[in-house]
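Asks: Build me a structure from this.
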Amino acid sequence: MYNLKNLLKNYYTNNKRRITAYGILALIIALVVIFVHFDFELYKSPIGRVVESVNTFEESVQGSDGDEEMHYTQNLTVKILNGIHKGEEIDCENSYTHSGVYDEKYTKGDWVFITLNGNNRLTGEVTGIKRDAYVAALVGILLWLIIVCSGKKGIFTIVSLIVNITLYLLALKLYENGYDIFNLVIALVVLYTILTLFLISGFNKKTIIAIVSIFISVAITITLFKITLHYNNNIEYWMMDYITNVKDLERVFLAGILLGGLGACMDVAISLAASIAELVSKDEDIKFRTLIKSGREIGYDIMGTMINVLLFTFIAGSLPMLVFKMKNQISIFEIIQNDMQFELYRFLVGSIGIVLTVPITIFLASLIYTRRKRT
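Replies: Numbering: from 1, shown residues only. Predicted coordinates for the structure are as follows:
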């Protein structure tokens, strides 16, 4: 215990400025979260706090799957926190089910959005819980952890996230103004790859190798997919969720495919390029074939984990829909055939991109790092 105390004391002494900076950053984030929690006046919609909640009625109703589900009704007393009726208390009635799929139960102390109605006697309807403070807290924790764990690189990571989100929103705005979605996504892929890798990994040889590898593997992957579509063009795009513009269904789908595997390919490329660069730095006389062999062993591990990451992402995104439809007596095979085919395409194409990125990055990195010694 004494040694641990001395160790912590020495660490604080040697890193006093850094720890102080992290503490100040945590305090700023906490103040921002508190501000967001109490920012009622910034909203045009009325916001209230539930001061009393009483269940008044319940009944058992048979659902579409044959199971019985309890339906509840509750009377709420809500105190308005903003607007011209600030400080007034109103009565609201809320109905909810045990499952909470389309509704939710409100309890005393909840901060809620409300819709006001009535002239002589003001009443209202609760439309949802105010959750922006929780979102702000999660974002703040994420940013703090990135900076604490990565230091200056963490700051560049945050900058890259902000830039990428801004570019994405700009592309959506351009699409709304009539630009082709697939061409916009091609531009996004180029900008995302260059800006992200240069910001995070710096301007160096391994970054350039990774960028070239990503461009080659993504180009080959999307070309193979388009060739497959050309000879087997029977994808039922009309089954894509919430798509209404029939003219560019294929372009929208191809754009999603292009973006879907980019992150995984980016991670594989920079990891392999950095690993080979490290091998060369440890042994400047390492042979081309040795680099290929070592890179291949590293690539096998990275490839397996990244493909599984894509699979887990696919499973996680599909799980709510699977459970919901299976509860409504729809077979899993029918769900996969009618609703999950597009997710399967994204997974397969993304996996192909990862598999292609591994040998391309290994070959380019080994060739470039050993070229100087041969010449």
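Asks: need the next SSE after the lengthiest helix in the chain, C-terminal direction.
Replies: Secondary structure of the chain per DSSP state H: the longest helix is helix 288-326. Going down the chain from helix 288-326, the next helix or strand is helix 332-338, by DSSP states H and E.
Asks: What residues sit buried inside that following helix?
Replies: For helix 332-338, the neighbour count (16 or more other CB atoms under 10 Å) marks residue 335 as buried. (Each C-beta comes from the backbone N, C-alpha and C, glycine too.)
Asks: average pLDDT for it?
Replies: Taken as a whole, helix 332-338 carries a mean pLDDT of 72.
Asks: Send me it as PDB with only the CA atoms.
Replies: Extracted in PDB, the C-alpha atoms of helix 332-338 (Å, rounded to 0.1, in the frame of the first residue of the first chain):
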ATOM      1  CA  ILE A 332     -36.400 -15.800 -40.100                       C
ATOM      2  CA  PHE A 333     -35.800 -17.000 -43.600                       C
ATOM      3  CA  GLU A 334     -38.600 -14.700 -45.000                       C
ATOM      4  CA  ILE A 335     -37.100 -11.800 -43.000                       C
ATOM      5  CA  ILE A 336     -33.600 -12.400 -44.400                       C
ATOM      6  CA  GLN A 337     -34.900 -12.700 -48.000                       C
ATOM      7  CA  ASN A 338     -37.200  -9.700 -47.900                       C
END
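Asks: Looking at residue 250 now. What's its pLDDT?
Replies: pLDDT for residue 250: 73.
Asks: just use 397 as the starting number from now, easier for me
Replies: Yes, from this point I'll number from 397; that puts the last item at residue 646.
Asks: Just to be sure, it is in a helix?
Replies: Yes. Counting by DSSP: H, G, I helix; E, B strand; the rest coil, residue 646 falls inside a helix.
Asks: Identify all contacting residues around stretch 446-453.
Replies: For stretch 446-453, the surrounding residues in contact (CB atoms under 8 Å, 6 or more residues apart in numbering) are 468-475, 485, 502-506, 508, 522.
Asks: any idea where the helices of the stretch 547-696 of the chain begin and end?
Replies: Per DSSP state H, counting those that start in this stretch, the stretch 547-696 of the chain carries helices over the ranges 548-572, 577-597, 601-627, 645-656, 658-678, 684-722.
Asks: Off-centre distance for the fifth one?
Replies: If I follow you right, that is helix 658-678. Remark: helix 658-678 is offset 23 Å from the chain centroid, using CA atoms, centre = their mean, to the nearest Å.
Asks: ok, now how distant is residue 698 from residue 754?
Replies: 7 Å (CB to CB, to the nearest Å).
Asks: Looking at those two, which one has more neighbours?
Replies: Set side by side, residue 698 and residue 754 show more neighbours around residue 754, with 24 against 20, by other CB atoms under 10 Å.
Asks: host element of that one?
Replies: According to DSSP H and E, residue 754 maps onto helix 737-770.
Asks: what's the angle from that helix to helix 684-722?
Replies: Angle of helix 737-770 versus helix 684-722, following axes from the mean of the first three to the mean of the last three CA atoms, to 10 degrees, is 170 degrees.
Asks: count of residues packed around residue 695?
Replies: By other CB under 10 Å, 22 other residues sit near residue 695.
Asks: quick one, what contacts it?
Replies: Under the criterion of CB under 8 Å, 6+ apart, the neighbours of residue 695 are 664, 668, 754-755, 757-758.
Asks: Tell me where the stretch 547-696 of the chain is predicted with low confidence.
Replies: Applying pLDDT under 70 to the stretch 547-696 of the chain flags residues 628-644.
Asks: Mind pulling the model confidence for residue 446?
Replies: Per-residue pLDDT puts residue 446 at 90.
Asks: Am I right that it sits in a strand?
Replies: Yes. Per three-state DSSP, residue 446 lies within a strand segment.
Asks: For the residue lying closest to it once chain neighbours are set aside, give me phi and psi.
Replies: If the residues on either side of it in the chain are set aside, residue 446 comes closest to residue 506, at 4.6 Å by CB to CB, 6 or more residues apart in numbering. Residue 506 adopts backbone torsions of phi -70, psi 140, taken as degrees, to the nearest 10.
Asks: What distance do you get for residue 506 to residue 475?
Replies: Counting by CB to CB - residue 506 and residue 475 are separated by 11 Å.
Asks: okay, and the common contacts of these two?
Replies: Joint contacts of residue 506 and residue 475 (CB under 8 Å, 6+ apart) are residue 445.
Asks: Tell me which of these two has more neighbours.
Replies: With neighbours defined as other CB under 10 Å, residue 506 and residue 475 compare such that residue 506 has more, 18 against 15.
Asks: Hmm, residue 525 and that one touching each other?
Replies: Yes. Residue 506 is within contact range of residue 525, at 5.7 Å (criterion: CB atoms under 8 Å).
Asks: returning to what we had before: overlap in contacts, residue 698 and residue 754.
Replies: With contacts taken as CB under 8 Å, 6+ apart, residue 698 and residue 754 have 664, 668 as neighbours in common.
Asks: So for stretch 416-429, mean pLDDT?
Replies: pLDDT averaged over stretch 416-429 gives 91.
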